[in-house]
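>>> Generate coordinates for the sequence data below:
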Amino acid sequence: GGAASDALAAGGCGRRRRRGETLGCHAGGGGPGAGEGRPPGPPHGGRGRGAVERLRDGRAPVNHERILVFVPNAHATDVEDLARLGLQTLYRTVELPLVDVLVRMEEVGIAVDTGYLADLATEFTAEVARIEGEAHAAVGHEFGINSPKQLEELLFTELRLPRGRRNKTGYSTDAAVLEELRGAHPVIDLILEYREVEKLRSTYAEGLGPLIDRATGRIHTTFNQTVAATGRPSSQSPNLQNIPIRTPLGRRIRRAFVSGRPGALLLAADYSQIELRVLAHMSGDPALLEAFRSGADVHTRTAAAGFGVAESEVTKEQRSVAKMLNFGIVYGMSDFGLAWRMGMTREEAAAFIDEYFKRYAQVRRYVIETKAFCLEQGYVETLLGRRRYIPDMASRNGAVRGAAERMAINMPIQGTAADIMKIAMVRLHERLRDETYATAILQVHDELVFEVARDRVSELAELVRDQMSGAYPLDVPLVVDVRTGANWDEMSPLALAHA
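Predicted coordinates for the structure are as follows:
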């Protein structure tokens, strides 16, 4: 009901954070309600300033922006507090509509092929047993592959492999440590493979069954609106955000999610490289802007510049390195991080990053200015004004400070991408509210999934493409890829006429 929705959204706006921070709504750009003496906006060329003013003067629909920020030491725990902070307009026109969207998706749920899941669970059980046996054979004896203590003893005492980080009980054997040890001994790859398959088996292949509602025959995940600090919606019971989408095993889990209505299909629409497009907009980098405007392959172009070859001569491996760096920049990746992920020497990675920043000089400027702004003001924010306070920018601990710097670089980009997705979700909800032929059922990262009547797929595809690509005006096009099929994995691309 309305009171419950009010409590949920207002509660989200007033959620306490560490060190006296509170999650609240804030009108970006110094407009009404922004408060006197607000520090200057972050270094993305003023593109986010005036977002709320555009809502008010009609240049964008008032109820289609969502702006969540951290307001230090505020106590926006009810509507009256929101009004006192000048946030009630955004709360009423943004937060509540999004609650309706998420509630509707929870109510509808998504159908699951239980027979397929059962077969997958049997197969994965056999697979983890096979991998465990091979791991035992690789070291010549049995050991507890799920026991951190036994793994520590095996890897660092018996096999004398390089130790990683210490924890309270000894040396860590987590995924990050094991990834650094890849190639040091055959058992490492087997342990990592075991963990991947076992997690998919227990969490999804066997874990989804008990979550199916007997009355509807569907899974009804719980969407969280105010948990992720970047503003992305998250989900739990089950956590659909954690299904790997780029691995063959992860895609097999997605295969279990199906259309649950006779004569209906699933339609998935996802933003193509939205975070890189937001980076191009925020940095104003001419080379990156031109690449997206011309429809060039950004990864191939980056590889050509980084390796000093013509675009036509770029190899698949070189493009993979460039792709890793293009996305890695968004997360503040260092030369060490690139070298570790791509199997390069640190010197090779440093040289490639240097060439990257020579080509995309304004991206380097964005990185430098964003870190400087966050160090001075204590926060960063999205184009729409959603703010995150990052107190560890001045930490004397290098690892803590480095993590804070990566957070500062990433949050405005990933947060803006999340804002754009939410705008699209609210608009599409409004357009489909009274329709019965289609409904949104899932939102995962940059992807929105619908259940749609088979004979109206093209109609929905055009509507979704237009609303998502036009959700927020950037200096580069927002490109949306649309696919359809009987399940979430086996989908065919839809070729749509240009709007």
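>>> by contact count, what packs against the helix or strand where Thr439 lies?
Thr439 belongs to strand 438-444 when elements are defined using DSSP states H and E. Counting contacts by 3 or more Cβ pairs under 8 Å, 6 or more residues apart in numbering; DSSP states H and E, strand 438-444 is packed against helix 96-108, helix 398-432, strand 447-453. Yep, even glycine has a C-beta here, placed from its N, CA and C like the rest.
>>> Reformat the ones you listed as a markdown table; add mean pLDDT and distance to Ser320.
Formatted as a markdown table, these follow (pLDDT from 0 to 100; distance: least, Cβ to Cβ, whole Å):
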| stretch | mean pLDDT | distance to Ser320 |
| --- | --- | --- |
| helix 96-108 | 91 | 35 |
| helix 398-432 | 92 | 21 |
| strand 447-453 | 97 | 22 |
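>>> Dump those into a markdown table; add mean neighbour count as well.
Putting these into a markdown table (neighbours: other Cβ atoms under 10 Å) gives the following:
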| stretch | mean neighbour count |
| --- | --- |
| helix 96-108 | 18 |
| helix 398-432 | 22 |
| strand 447-453 | 23 |
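>>> what's the closest non-adjacent residue to Glu232?
That one is not Glu; residue 232 is Arg. Once flanking residues are discounted, Arg232 sits nearest to Ala418: 4.4 Å by Cβ to Cβ, 6 or more residues apart in numbering.
>>> ok, back up a step: touching the strand holding Thr439 from outside, list them.
When contacts are defined by Cβ atoms under 8 Å, 6 or more residues apart in numbering, strand 438-444 is touched by residues 101, 104-105, 108-110, 221, 223, 233, 235, 240-241, 243, 257, 266-267, 421, 425, 428-429, 432, 448-453, 456, 460, 488.
>>> Tell me what angle it forms with strand 447-453.
Here strand 438-444 runs at an angle of 160 degrees relative to strand 447-453 (axes from the mean of the first three to the mean of the last three Cα atoms, to 10 degrees).
>>> partners of strand 438-444 in the sheet?
If you go by DSSP bridges, strand 438-444 pairs up with strand 447-453 (antiparallel).
>>> ok, residues contacting the partner strand?
By Cβ under 8 Å, 6+ apart, strand 447-453 touches 108, 110, 259-261, 263-271, 421, 424-425, 428, 437-443, 460, 464, 468, 484, 488.
>>> Mind giving me the PyMOL command for buried ones among these?
The buried subset of these, as determined by 16 or more other Cβ atoms under 10 Å, is captured in PyMOL by this line:
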select buried, resi 108+110+259+260+264+265+266+267+268+269+270+271+421+424+425+428+437+438+439+440+441+442+443+460+464+468+484+488
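>>> and the gap between the most centrally placed residue in the chain and Ile243?
Here the mean C-alpha position of the chain is nearest to the C-alpha of His445 (Cα atoms, centre = their mean), at a distance of 4.4 Å. From His445 across to Ile243, the span is 10 Å (Cβ to Cβ, to the nearest Å).
>>> Isn't Phe303 up against Leu325?
Careful, residue 303 is Ala and not Phe. No. Applying Cβ atoms under 8 Å as the test, Ala303 and Leu325 come out as separate, 9.0 Å apart.
>>> More neighbours: which of those two?
Legend: neighbour count by other Cβ atoms under 10 Å for Ala303 and Leu325, higher for Ala303 (28 against 25).
>>> Please report how far that one lies from Glu313.
Ala303 sits 10 Å away from Glu313, going by Cβ to Cβ.
>>> And Arg195, by the same measure?
To Glu313, Arg195 is 38 Å away according to Cβ to Cβ.
>>> So for these two, which residue has more residues nearby?
More crowded of Arg195 and Glu313, by other Cβ under 10 Å: Arg195, with 17 against 10.
>>> residue contacts, that one?
Counting by Cβ under 8 Å, 6+ apart, Arg195 has contacts Ala175.
>>> Could you report the separation of the residue nearest to Arg232 from Val449?
17 Å.
>>> now Arg319
Arg319 is 28 Å from Val449, by Cβ to Cβ.
>>> can you check Ser312 too?
In terms of Cβ to Cβ, Ser312 sits 37 Å off from Val449.
>>> Please apply the same query to Met342.
Met342 is 32 Å from Val449, where distance means Cβ to Cβ.
>>> all helices for the stretch 151-300 of the chain, in order.
In the stretch 151-300 of the chain, the helices defined using DSSP state H, counting those that start in this stretch lie at 175-180, 186-200, 248-254, 274-283, 286-294, 298-307.
>>> Can I get those in TSV including mean pLDDT and distance to Glu153?
Converted to TSV, the helices of the stretch 151-300 of the chain look like this (pLDDT from 0 to 100; distance: least, Cβ to Cβ, whole Å):
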stretch	mean pLDDT	distance to Glu153
helix 175-180	86	14
helix 186-200	94	13
helix 248-254	90	29
helix 274-283	95	41
helix 286-294	95	49
helix 298-307	88	42
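>>> The ones you listed: which one's closest to Ala361?
Ala361 lies closest, by Cβ to Cβ, to one member of these: helix 286-294, at 8.2 Å.
>>> what does that closest one contact?
Contacts of helix 286-294 (Cβ under 8 Å, 6+ apart): 273, 276-277, 279-281, 296, 298, 301, 359-360, 362-363, 475-477.
>>> Which one (most neighbours) among those?
That'd be Leu279 among the contacts of helix 286-294, by other Cβ under 10 Å, with 29 neighbours.
>>> Report the buried residues of stretch 351-370.
Neighbour count says stretch 351-370 has 352-353, 355-356, 359-360, 362-364, 366-367, 369-370 buried, by 16+ other Cβ under 10 Å.
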